[in-house]
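Visitor: Coordinates for the following, if possible.
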Amino acid sequence: MDISIVIPAFDEAMKIGRDVEAAALFVEAERLSAEIIVVDDGSRDGTADAAREAKAAARIPVRTIRLERNEGKGFALKAGVLASSGEAVVCADAGTCVPYSDALASIRRMKAGELDVALASRRIEGTVICRDRPLRRRLLGWAFRLAAVALAGLPRRITDPQCGFKVYRGAVARELFSGLETPGFVFELEIILKALRRGFRIEEFPVTWTCDPDTRLHPASQARTILKELLAVRRILRKEPGRGRATED
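Guide: Purely as a prediction, here's the structure:
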């Protein structure tokens, strides 16, 4: 199987069908062999049913994993990635903020053996912002990155760790997520830092990005939890042996 597309969703019944259909249209247009995996993170609004009812070509399997309670985005993605079988794994937020076609160049490089982890970035040359986040959310994102650099050792060259669109070589994704310990918002930081420690080749890539104003993330009200997770990631990384190929500048 060429790719697995994994979409975590919490109370996304109004839009998860469009996400599945957008993913299926991309797969059809590119003639890829693929699966779409929706992980319902303990939703209360029928998200899982909406995902099952979405339209997709018969040859594209759409799988729904339902978690009995809200575990957090990190653990929802962990469940989806570990259930995947694609040579590449695309992780995408609900709301289709980034067109799936933006993943193609990274998928091709992974097939060629040139890349292990690709991170979408809203802050690098070539990115097109169609509708930006409100100023408050941008400032909170900037503050989070500074805290991630200072408290957890995020390399400064990683400009946008929290953008919710990432591509992994399949085996790498399943290795990294199998040991994920961070359930919530900060999980991506743990994944990125472990990837660097293990010497995986990691790069950012530009995207066409449109803000989804209907977000489940509220960093200001969740600040205490985020700080606790940041400190926990630092402790987790102390147990992580480096393998020496990556540079952390």
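
Visitor: does residue 118 count as helix, strand or coil?
Guide: Three-state assignment for residue 118 (DSSP: H, G, I helix; E, B strand; the rest coil): strand.

Visitor: What's the local residue count around it?
Guide: 25 (other Cβ atoms under 10 Å). Quick note: C-beta positions are derived from backbone N, CA and C, even for glycine.

Visitor: Show the contacting residues for it.
Guide: 103, 106, 109-110, 166-168, 202-205 (Cβ atoms under 8 Å, 6 or more residues apart in numbering).

Visitor: Weed out the non-buried ones from the residues you listed.
Guide: 103, 106, 109-110, 166-168, 202, 204-205 (16 or more other Cβ atoms under 10 Å).

Visitor: Look at stretch 155-166 and report the distance between its end residues.
Guide: Start to finish, the residues bounding stretch 155-166 are 17 Å apart (Cα to Cα, to the nearest Å).

Visitor: circling back: how about TSV for the contacts of residue 118, with pLDDT added?
Guide: As requested, these are exported to TSV (pLDDT from 0 to 100):
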residue	pLDDT
103	98
106	98
109	97
110	98
166	98
167	98
168	98
202	98
203	98
204	98
205	98
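
Visitor: Where does the prediction get shaky in the chain?
Guide: The chain contains residues with pLDDT under 70 at 216-222, 242-249.

Visitor: can you rerun that using 50?
Guide: Across the chain, the ranges flagged by pLDDT under 50 are 244-249.

Visitor: And the residue sitting furthest away from the middle of it, how far from residue 24?
Guide: When distances are taken from the C-alpha mean of the chain, residue 58 lies farthest, 25.9 Å away, according to Cα atoms, centre = their mean. Distance, residue 58 to residue 24, by Cβ to Cβ, to the nearest Å: 10 Å.
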